[in-house]
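K.L.:
quick check, what structure comes out for this input:
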Amino acid sequence: MKLSIVVSAQPTKFGAATLKGDFEENLARIAELGYDGVEPAVRDPSVVDQEGLLAAIRRYDLEAPAIGTGQAWGEEGLSFSDRDAGVRRTAIDRVKSHLPLAAEAGSMIIIGLIRGTVKPGVGRDQAIDWMVEALGECCEAAAPLGVRLVVEPLNRYETALVNTAGEGLELIRRVGADNLGLLLDTFHMNIEEPSIEESMRLAGDRMFHFHVADSNRWYPGAGHLDFRGILGLLKELGYAGYVSGEFLPMPDALMAAGRAISHLQEVMPSNGGK
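P.N.:
Residues are numbered from 1 along each chain as shown. Predicted coordinates for the structure are as follows:
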């Protein structure tokens with residue numbers, strides 16, 4: 001089981017982008033701490049030196065299991081469910097613009113808040129229909145490149161669109177694309193799911209990626225979640241992907257990153273956890 005951590009490739013207001021600032025300096029810190037990979041959050045690939053970004057990741061012998069897109073919502077308000085058709089079109093095109101980078105890096109593309117929320121004047125069913133349509137187009141464009149997309153169920157305080165693993169699986173069923181899966185996040189599951197473990201079992205082989213943060217959205221080990229049990233269940237389910245840290249940079253980013261990997265390594269089944 002490999003470990004990665006979220007790093008913003010561009011300036012951002014998003015609080016749970018664990019590491020911000022100089023991208024290469026952060027990569028050096030991540031590699032020194034012992035992480036296997038980095039999950040770059042990229043708002044707009046067109047204004048990023050993509051070749052330089054990939055070269056830096058490889059220079060530190062890291063992998064990039066997934067690319068975050070949520071900053072396009074947070075910084076620009078782009079979403080699949082906006083009542084403005086032009087905004088929806090731009091959001092779809094933005095996700096598709098990540099495809100060359102994702103294909104080259106061997107990364108999945110995360111669909112978090114770029115799916116949007118239910119805005120005034122738009123019914124929930126209509127918002128979901130727009131989301132299904134957008135995901136279908138993005139998945140169709142991604143398939144020939146061998147790129148997978150992952151929808152992340154988020155808690156109700158962030159969106160009313162796909163809060164649980166079950167809702168995510170229903171969305172995947174409607175889209176009907178083999179390259180669409182789920183990204184489960186322990187912080188959001190702790191709020192929305194009656195049982196974190198049962199939601200993981202429900203997701204099964206559609207669980208393509210996995211985020212960890214503790215119950216308070218601090219680093220794993222700072223709250224009350226049982227990461228020994230969670231990682232043990234991932235092993236039991238045959239999950240072969242990355243476990244990626246996305247948590248608040250508290251008490252500071254570097255300390256959080258260090259404490260996270262220490263705790264996860266301590267409780268990981270392959271390192272003696274049960």
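K.L.:
C-alpha from now on. contacts and neighbour counts both.
P.N.:
OK.
K.L.:
list phi and psi for the nearest residue to residue 216 once chain neighbours are set aside.
P.N.:
Nearest residue to residue 216, sequence neighbours excluded (Cα to Cα, 6 or more residues apart in numbering): residue 223, at 5.9 Å. Per-residue torsions, residue 223: phi -130, psi -150 (degrees, to the nearest 10).
K.L.:
show me what the helix ranked longest in the chain is packed against.
P.N.:
If you go by DSSP state H, the chain has its longest helix at helix 124-142. Using 3 or more Cα pairs under 8 Å, 6 or more residues apart in numbering; DSSP states H and E, the elements in contact with helix 124-142 are helix 85-97, helix 165-175.
K.L.:
got the buried residues for the helix or strand that the shortest one is followed by?
P.N.:
In this case it means helix 165-175. Heading C-terminal from helix 165-175, the first helix or strand you meet, by DSSP states H and E, is strand 180-185. Using 16 or more other Cα atoms under 10 Å as the test for burial, strand 180-185 gives 180, 181, 182, 183, 184, 185.
K.L.:
report the two of those residues separated the most.
P.N.:
Using Cα to Cα, these reach their maximum pairwise distance at 180 and 185, which is 16.4 Å.
K.L.:
can I get stretch 119-134 in PDB, CA atoms only?
P.N.:
Coordinates of the C-alpha atoms in stretch 119-134 are reproduced here as PDB (Å, rounded to 0.1, in the frame of the first residue of the first chain):
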ATOM      1  CA  LYS A 119     -28.000  26.300  -6.900                       C
ATOM      2  CA  PRO A 120     -31.200  28.400  -6.500                       C
ATOM      3  CA  GLY A 121     -33.500  28.000  -9.400                       C
ATOM      4  CA  VAL A 122     -32.100  24.500 -10.300                       C
ATOM      5  CA  GLY A 123     -33.800  21.300  -9.100                       C
ATOM      6  CA  ARG A 124     -31.600  18.500  -7.700                       C
ATOM      7  CA  ASP A 125     -32.700  16.100 -10.500                       C
ATOM      8  CA  GLN A 126     -31.800  18.600 -13.100                       C
ATOM      9  CA  ALA A 127     -28.400  19.200 -11.500                       C
ATOM     10  CA  ILE A 128     -27.700  15.400 -11.500                       C
ATOM     11  CA  ASP A 129     -28.800  15.100 -15.100                       C
ATOM     12  CA  TRP A 130     -26.300  17.800 -16.100                       C
ATOM     13  CA  MET A 131     -23.600  16.000 -14.000                       C
ATOM     14  CA  VAL A 132     -24.300  12.700 -15.700                       C
ATOM     15  CA  GLU A 133     -24.100  14.300 -19.100                       C
ATOM     16  CA  ALA A 134     -20.800  16.100 -18.200                       C
END
